[in-house]
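Novice: quick one: sequence plus predicted model below, questions after.
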Amino acid sequence: MAQKQNTPDELDKVNEVLSTSEQFIEKNQKRISVVLLVIILVVAAWLGVSHFYFEPREKAAYAEMFKGEFYLDTDSFEIALNGNGADYIGFKAIIDDYSCTDAANLANAYAGICAYNLGNNNEALNYFKAFSADDKFVSPNVLGMIGNCYANMDQLNEALATFEKAAQKADNILLSPYYLQKAATIAEAAGNYAKALALYNQIKDDYATSSIARDIDKYIERAQAKI
């Protein structure tokens, strides 16, 4: 069946949905950077234990990282990214000065968070793409941030594909339904209600016990009504 075209008023409403996504996403979207940060801090601690006392270059890099984490925790994103001009060089310099270290890899994720919160989506995208991880928590969250960047730049196809990839990568009841719902709201924004319906149904079928699934029927009904 042919997809309906959104009117300007409808597009405004959809854009609002993208930024809040109602209920669960509305409560949690603003905390996505914080959630990602907490997860990455755990990884940083593990990497620090593995390398801090054995590799001098890693030790120096992590000493700088710990300073940057303080500024990040206080939402001083500009200083965290570029340094304070005194005793801290910034995540950007850590990436350049300590390339090919685990600390520099982690600094890419931190730098992405900083750039994203400063409104520099393209710069954030480059940092997030430079970060490398292969797990079910850090990696999906970084993919989710990449999806956020694409959405903010109105690259809806890329955002949709990235959120789906994040959900698949996570493969767990905590993150997968969250990113599937974000993918569905992007599909609705693009006028692809059939795709949105499929994603909502996937949440209902595969993650029935998740908090998002509790209210999923209303999203299913909304998508069905627009097909």
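Specialist: On my side now, so go ahead.

Novice: host element of Y200?
Specialist: helix 193-206 (DSSP states H and E).

Novice: buried residues in that helix, which are they?
Specialist: By 16 or more other Cβ atoms under 10 Å, the buried positions in helix 193-206 come out as 193, 195-197, 199-204. The C-beta positions use only the backbone N, C-alpha and C, and glycine is treated the same way.

Novice: which strand or helix spans the residue nearest to L125 when sequence neighbours are not counted?
Specialist: Distance criterion Cβ to Cβ, 6 or more residues apart in numbering; nearest residue to L125, sequence neighbours excluded, is C149 at 4.3 Å. According to DSSP H and E, C149 maps onto helix 138-152.

Novice: circling back: with distance to A103 and pLDDT as extra columns, can I get the buried residues of helix 193-206 in JSON lines?
Specialist: Conversion of the buried residues of helix 193-206 to JSON lines gives the following (distance: Cβ to Cβ, whole Å; pLDDT from 0 to 100):
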{"residue": "Y193", "distance to A103": "45", "pLDDT": "97"}
{"residue": "K195", "distance to A103": "40", "pLDDT": "98"}
{"residue": "A196", "distance to A103": "40", "pLDDT": "97"}
{"residue": "L197", "distance to A103": "44", "pLDDT": "98"}
{"residue": "L199", "distance to A103": "37", "pLDDT": "98"}
{"residue": "Y200", "distance to A103": "41", "pLDDT": "98"}
{"residue": "N201", "distance to A103": "43", "pLDDT": "98"}
{"residue": "Q202", "distance to A103": "38", "pLDDT": "98"}
{"residue": "I203", "distance to A103": "37", "pLDDT": "98"}
{"residue": "K204", "distance to A103": "42", "pLDDT": "97"}
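
Novice: which residue sits closest to the spatially most central residue of the chain, ignoring its sequence neighbours?
Specialist: The C-alpha lying nearest the average C-alpha coordinate of the chain belongs to M145 (Cα atoms, centre = their mean; 2.1 Å). Closest residue to M145 in three dimensions, ignoring its sequence neighbours and counting by Cβ to Cβ, 6+ apart: F128, at 5.4 Å.

Novice: quick one, grab the pLDDT at the residue nearest to L125.
Specialist: C149 is assigned 95 on the pLDDT scale.

Novice: can you tell me how far it is from E188?
Specialist: C149 sits 19 Å away from E188, taking Cβ to Cβ, to the nearest Å as the criterion.

Novice: shaky segments in the protein?
Specialist: Applying pLDDT under 70 to the chain flags the ranges 1-55.

Novice: let's see it at 80
Specialist: Per-residue confidence for the chain (pLDDT under 80) gives these ranges: 1-56.
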